[in-house]
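Peer 1: Predicted model, plus sequence, below.
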2 protein chains.
Amino acid sequence: MSRHIASTAARLFAERGYDATSVREIVEAAGVTKPTLYYYFRSKEGLAQALLTDPLNALAETMRQIERETANPVVALERILEAQLEFFREDPDRGRFIFAMIFGPLATGLAHMLARFKCESNDCMSGIGKRLTEAGIVEPSKRDAFVLSCRGILMASTLAYLYHDQELEPGLPNRLVENLLRGFATREWAESGS
Amino acid sequence: MSRHIASTAARLFAERGYDATSVREIVEAAGVTKPTLYYYFRSKEGLAQALLTDPLNALAETMRQIERETANPVVALERILEAQLEFFREDPDRGRFIFAMIFGPLATGLAHMLARFKCESNDCMSGIGKRLTEAGIVEPSKRDAFVLSCRGILMASTLAYLYHDQELEPGLPNRLVENLLRGFATREWAESGS
DNA sequence: CCTAGAATACCTACCGTTCGGTATAGGCAT
DNA sequence: ATGCCTATACCGAACGGTAGGTATTCTAGG
């Protein structure tokens, strides 16, 4: 039951936004009453947190794992991008809700958790960028721009998928990274043919 | 006075989101009364539209103009990206408000206007992408990925500026485009040294 | 076997507060 | 007289959350 309420809430949060969705709307759509919702979740905010906490923690852990266990920084980058795209693919409603919150103001009670996730995600990408320069793949002077570009491409791909019905085929990160690397690569790496 | 109310609203909308900001909060922060706000703006939504309509229309017109009047597609691309960055630079609160709406659900009364702007922006970028392939600069098979990458880089740069106090120096689009082009270029163009 | 109590899952009705918006009277400067 | 603004009070609807209750199942103790 709690799962049913949660998935209904995710859908409504995604459709109209967290603040514009009332508890009354959620319970009506879920076919239960308000006390039932409060039986399972401490508050509206508790409900939103339940939607976000485990999935975001799992994603962060997946990224850490990839970073730790993948020796090749290019492959690590591709896998980390793919993990994030997969996160949105597996539950688009949740993804839309998270996307809106990540890119909006951090004034809600969910701010702390989202800020932490953003920070971890950025650290992870920066770490990969560092490894790419250490491996002589990306020009050191271009590292920040490269990391920014990777982040941008992830955002644009995700937005296209969530709101414009564009596909997120599994090979997408690889192809995008390949082209990006060609643009930001060291002369040596470019000439080595990868 | 209406400008003062509007800029106060922009700040609050940016800080906490449109739906989570009440009219009472706006008038208190602006130091006026509710009837004054309604004297100048038809409604809360009318206030938000006033914040968005003219600026977004002006930006869209600027982009159309650049597209029309700049013969070199690379320069056109750089200028269009710069115009969008400048839009966010000139009023970060307004920019944050818009950013949150662009990445969130389109269920509010502002949806139509934002949808139209997104559409125009996408069309403009697609047009530039087409010109770049026609000019033999970008590989036709990579056109969509290139356009997506440009959009992503714009988003990431803007996000970094709006929320992480990172600079948006005027030369940024040029440098980013230069690296991107190297990654997505045709063989002929790459070998011509640009 | 029966019963009382605990645990779990749900409900109706209600609470105080706030929401966007409106009406009215009036003050002040030009 | 007009435009700009205030102050006050109000409207109906809705907000997130709560109080008190019922129904069902299970379990332990007599």
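Peer 2: It's in.

Peer 1: quick one: what helix or strand has whichever residue of chain A sits closest to DNA strand C in it?
Peer 2: Per C-beta to the nearest atom of the strand, A:Pro35 is where chain A lies closest to DNA strand C, at 2.9 Å. C-beta coordinates here come from the backbone N, C-alpha and C atoms, glycine included. Following DSSP states H and E, one finds A:Pro35 within helix A:34-40.

Peer 1: now for that helix, which elements pack on it?
Peer 2: Packing partners of helix A:34-40 (3 or more C-beta pairs under 8 Å, 6 or more residues apart in numbering or on different chains; DSSP states H and E): helix A:2-16, helix A:23-30.

Peer 1: Would you point out the helix or strand in chain A whose mean pLDDT is lowest?
Peer 2: Every helix and strand of chain A was ranked by mean pLDDT, DSSP states H and E. The lowest is helix A:187-191, at a mean of 72.

Peer 1: is that helix anywhere near chain B?
Peer 2: No - using C-beta under 8 Å from any C-beta of the partner chain, helix A:187-191 stays clear of chain B, coming no nearer than 8.8 Å.

Peer 1: got it, and stretch A:45-54?
Peer 2: No - contact of stretch A:45-54 with chain B (C-beta under 8 Å from any C-beta) is absent, the minimum separation being 12.0 Å.

Peer 1: List the buried residues of that stretch.
Peer 2: With burial defined by 16 or more other C-beta atoms under 10 Å in any protein chain shown, the residues of stretch A:45-54 counted as buried are A:Leu47, A:Ala48, A:Gln49, A:Ala50, A:Leu51, A:Leu52.

Peer 1: any idea of the mean pLDDT for that stretch?
Peer 2: Average pLDDT, stretch A:45-54: 92.

Peer 1: what does it contact?
Peer 2: By C-beta atoms under 8 Å, 6 or more residues apart in numbering or on different chains, the surrounding residues in contact with stretch A:45-54 are A:2, A:5-6, A:9-10, A:13, A:18, A:26, A:37, A:41, A:94, A:97-98, A:101, A:108-110, A:113-114.

Peer 1: The closest residue to DNA strand D within chain A: neighbouring residues, count only.
Peer 2: Going by C-beta to the nearest atom of the strand, DNA strand D is nearest to A:Ser22 of chain A, at 3.0 Å. Counted by other C-beta atoms under 10 Å in any protein chain shown, the residues lying close to A:Ser22 total 12.

Peer 1: Repeat that for A:Ile128.
Peer 2: Neighbour tally, A:Ile128, other C-beta under 10 Å: 26.

Peer 1: Can you read off the pLDDT for it?
Peer 2: Among the per-residue scores, A:Ile128 shows a pLDDT of 94.

Peer 1: Please give me every residue in contact with it.
Peer 2: Counting by C-beta under 8 Å, 6+ apart, A:Ile128 has contacts A:Glu67, A:Pro73, A:Ala76, A:Leu77, A:Ile80, A:Val147.

Peer 1: Quick check: A:Leu180 is in a strand.
Peer 2: No - per DSSP: H, G, I helix; E, B strand; the rest coil, A:Leu180 lies outside any strand segment and is helix.

Peer 1: In this structure A:Ala29 contacts A:Ala10, no?
Peer 2: No - using C-beta atoms under 8 Å as the test, A:Ala29 is too far from A:Ala10 to be in contact (11.0 Å).

Peer 1: higher neighbour count, those two?
Peer 2: The neighbour count for A:Ala29 versus A:Ala10, taken as other C-beta under 10 Å, is higher for A:Ala10 (24 against 14).
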